[in-house]
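1. Here is a sequence together with a model predicted from it:
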Amino acid sequence: MRHSSIDLLRTLAIILMVLVHFVENLAGQQSRVWLPTGLAAPLFAFLSGFSHWLWRHSLESRRTSLSEISRRAVRRGLFLIGLGFAFNVLVWMPEDTFNWDVLTFLGFSLLILECLHDQPRFVWLVTAGGAYAIAPLLRKLADYDGYWTLGWFDPELTLSDTFMGCLATGYFPLCPWVVFPLVGYTVADLLAEHREQERPTLRRLGFLGGGLFLAGVLVAWWSSRLPSRLPNSLLRGWTMIPPSLEYVIGMLGLVLLSFSSSRRAIDLTSHRRLPPWLAQICTTFSRHSLSVYLLHHVAHLWPLWLIASFQGNDTTTLWQQATSPAIAILLAVGFLVTCYGALRWADETGLPTAESVLRWLCDSPP
């Protein structure tokens, strides 16, 4: 059973991701200040945890053995980690293999969820709270800023740097990003327990989300007026890289508020269903979110590397200065339209996608 609210929110996250990446990588970071950056990744991570709970319990309802479910979950996590490493090599550069981007983070998150799935809900929340609380300390102990002196993650190829990148200093380190899938998993379990009272539960989640978002914004505002020494060591303002305490709590609140509102407005209200055309778009992008993530990087980064190479320049010469923000947005829209058509064609003809490969490798019974 598909949830229209989940499809809608995941499609929103995908569109924001594509727009931000096209503008940032083609026109430069200074050109994206007016874009709603920083929401796509938390929203997508939360939905990954929520969807993983739905996936597990769908298999349980079909009487799949718990050991088989665990094997499939572990294979899925390892698949995403391996795909993340291959993606870093083929789309970025071999020296960026261990930059710990979204795919590796999501892969490890699935493994963590699988390790904790039979624990009480309290343990999930304590784990999330621990990852949130310890993140600033780990960054300080690891000298986080020392890894980012060039404006991007630049570790040494050593075991300690590799481990610390995964845990605290990479693009999407487990501390604190694992908070979002853990909370998504918890929310799915909570709503299943209160199925008969889902609307009041969602309303409370919405109020909680609004409070957390307001707290994050207020703390960010307050930290900007503190002496510089304290914000740099604990409160860093509203920053996604590194994910500051106020950013994480604020984005978690906004995600909870968005999820609660869309769930109540769409899934639980019969007269507010999505129009068929919009539902089809959201279902297509939601089902193929992994493919879109892979394709949109290839579509806008490989041309930069190839054109620069043909011109006899360094491959990164055109990065962040290839075009204007307006043209970057037009290219992003063109990609989304083309990608939607290609995915619909793949569904109709049975062509393989990243999702079908994942299911074939990870979900096929032994």
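-> Noted; the coordinates are in hand. Residues are numbered from 1 along each chain as shown.

2. What mean pLDDT does whichever strand or helix holds Met17 get?
-> Assessed by DSSP states H and E, Met17 sits inside helix 4-27. Helix 4-27 carries an average pLDDT of 93.

3. Counting by contacts, list what the helix or strand that it is followed by packs against.
-> Following helix 4-27 in sequence order, the next helix or strand is helix 40-61 (DSSP H and E). Judged by 3 or more C-beta pairs under 8 Å, 6 or more residues apart in numbering; DSSP states H and E, helix 40-61 is in contact with helix 4-27, helix 66-91, helix 102-116, helix 179-193, helix 245-262. Every residue, glycine included, has its C-beta placed from N, CA and C.

4. Show me which parts of helix 40-61 are buried, residue by residue.
-> 40-56, 59 (16 or more other C-beta atoms under 10 Å).

5. quick revisit: need the helices and strands packed on helix 40-61 in a markdown table with distance to Thr127 and mean neighbour count, can you?
-> Compiled in a markdown table, the helices and strands packed on helix 40-61 are given as follows (distance: least, C-beta to C-beta, whole Å; neighbours: other C-beta atoms under 10 Å):
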| stretch | distance to Thr127 | mean neighbour count |
| --- | --- | --- |
| helix 4-27 | 23 | 22 |
| helix 66-91 | 16 | 17 |
| helix 102-116 | 6 | 21 |
| helix 179-193 | 6 | 21 |
| helix 245-262 | 14 | 22 |
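
6. Would you enumerate the residues in contact with Arg273?
-> Residues near Arg273 by C-beta atoms under 8 Å, 6 or more residues apart in numbering: 4, 266, 279.

7. do the same with Gly184
-> 45-53.

8. now it: how far from Trp222?
-> As judged by C-beta to C-beta, to the nearest Å, Gly184 and Trp222 stand 28 Å apart.

9. just to revisit the earlier point, how about the helix holding Met17 as CSV, C-alpha atoms only?
-> In CSV, the C-alpha atoms belonging to helix 4-27 read as follows (Å, rounded to 0.1, in the frame of the first residue of the first chain):
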residue,chain,number,x,y,z
SER,A,4,0.4,9.6,-1.0
SER,A,5,1.8,11.9,1.6
ILE,A,6,5.1,10.0,1.6
ASP,A,7,5.3,10.1,-2.2
LEU,A,8,4.6,13.8,-2.2
LEU,A,9,7.2,14.6,0.4
ARG,A,10,9.8,12.4,-1.2
THR,A,11,9.1,14.1,-4.6
LEU,A,12,9.5,17.5,-2.9
ALA,A,13,12.8,16.4,-1.4
ILE,A,14,14.0,15.2,-4.9
ILE,A,15,13.0,18.4,-6.6
LEU,A,16,14.8,20.5,-4.0
MET,A,17,17.9,18.3,-4.2
VAL,A,18,18.1,18.6,-8.0
LEU,A,19,17.6,22.4,-8.0
VAL,A,20,20.1,23.0,-5.2
HIS,A,21,22.8,20.7,-6.8
PHE,A,22,22.4,22.1,-10.3
VAL,A,23,22.6,25.7,-9.0
GLU,A,24,25.4,25.1,-6.6
ASN,A,25,27.6,23.0,-8.9
LEU,A,26,27.0,24.9,-12.1
ALA,A,27,26.7,28.5,-10.8
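
10. count of residues packed around Trp177?
-> Residues near Trp177, counting by other C-beta atoms under 10 Å, number 26.

11. Quickly note the distance from the residue nearest to Gly216 when sequence neighbours are not counted to Leu47.
-> Nearest residue to Gly216 in three dimensions, chain neighbours excluded: Gly250, at 2.2 Å (C-beta to C-beta, 6 or more residues apart in numbering). Distance, Gly250 to Leu47, using C-beta to C-beta: 18 Å.

12. was I right about Ser289 contacting Ile14?
-> Yes: taking C-beta atoms under 8 Å as the definition, Ser289 is a contact partner of Ile14 at 5.7 Å.

13. list residues touching both of the two?
-> Joint contacts of Ser289 and Ile14 (C-beta under 8 Å, 6+ apart) are Phe44.

14. where in this protein is pLDDT low?
-> 1, 29-34, 226-234, 270-272, 365-366 (pLDDT under 70).

15. what residues are up against the residue nearest to Gly216?
-> Gly250 neighbours (C-beta under 8 Å, 6+ apart): 212-213, 215-217, 219-220, 238.

16. same question, Val292
-> Here Val292 is in contact with 14, 18, 285, 339, 343 (C-beta under 8 Å, 6+ apart).
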